[in-house]
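Asks: Quick one: sequence plus predicted model below, questions after.
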Amino acid sequence: MKRLGSLMEVASLAETANDFGTAVVEFLDQFNIEGNPAMLSDEPPLLRTQLGDNGPADAYLAAVALHLSRVIGEIPPAWIVRSERYLHQPWFASPGASLRATLLLESPAAFRERNLFVSANAFDRA
C-alpha cells in the first residue's frame, strides 16, 4: 500500500474495518515523516454506512486529527467538531472486558473526548 497523504485518502480506502486499520497505519507512517498540518485539513467522508457500524471510524478519524494537531502544535481542523465525529456509546479497541480498565486509563485525551478507548501506544510506529 502506498503512503497516504490525508485522512480523506484513509477514508477512501476503507472498504472494511481491516482496510480502515491498515490505512490509518499507513497514514500515521507518512504523517510521522512529513508532519504537515495540511494532511489533516480536508474532512474525510463519513464511513458509518460504508463500514456498517455506528460511527467508531468517523470518530476515530476526528480523534487522530485532533491528537496529531496537538502533537505538532497546530489548530485542529474545524470538521472534527461535527456531531457525527463523536460516539454516544463507549467503544473499546479490545473486545475483552479485562483490558477495558487499562484502555480507560491509557487512551489519549483526543480519543476519550469522543468516547473511544485505545491503548497508549496507538500512535507508536516503531
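Replies: That came through, no problem. Bear in mind the structure is a predicted one, so any value in this text is a computation, not a measurement.
Asks: what's the helix or strand where L40 lies packed up against?
Replies: Per DSSP states H and E: L40 is located in helix 38-41. Here helix 38-41 touches helix 17-34, helix 56-72, going by 3 or more Cβ pairs under 8 Å, 6 or more residues apart in numbering; DSSP states H and E. Every residue, glycine included, has its C-beta placed from N, CA and C.
Asks: Quickly, which of these bottoms out on average pLDDT?
Replies: The stretch with the lowest average pLDDT out of these is helix 17-34, scoring a mean of 90.
Asks: tilt between that one and helix 56-72?
Replies: Orientation check (axes from the mean of the first three to the mean of the last three Cα atoms, to 10 degrees): helix 17-34 against helix 56-72 gives 10 degrees.
Asks: Would you indicate which residues of helix 17-34 are buried?
Replies: Going by neighbour count (16 or more other Cβ atoms under 10 Å), the buried part of helix 17-34 is F20, T22, A23, V24, E26, F27, L28, Q30, F31.
Asks: Could I get the CA-only coordinates of it as CSV?
Replies: Taking Å, rounded to 0.1, in the frame of the first residue of the first chain, the C-alpha atoms of helix 17-34 are listed here in CSV:
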residue,chain,number,x,y,z
ALA,A,17,-12.7,-2.4,9.2
ASN,A,18,-9.5,-4.2,8.4
ASP,A,19,-8.8,-1.9,5.4
PHE,A,20,-9.5,1.1,7.7
GLY,A,21,-6.9,-0.1,10.3
THR,A,22,-4.3,-0.7,7.6
ALA,A,23,-5.0,2.7,6.0
VAL,A,24,-4.7,4.5,9.4
VAL,A,25,-1.3,2.9,10.0
GLU,A,26,-0.1,3.9,6.6
PHE,A,27,-1.3,7.4,7.1
LEU,A,28,0.5,7.6,10.5
ASP,A,29,3.7,6.5,9.0
GLN,A,30,3.5,9.2,6.4
PHE,A,31,2.5,11.8,8.9
ASN,A,32,5.5,11.0,11.1
ILE,A,33,7.7,11.7,8.1
GLU,A,34,6.0,14.9,6.9
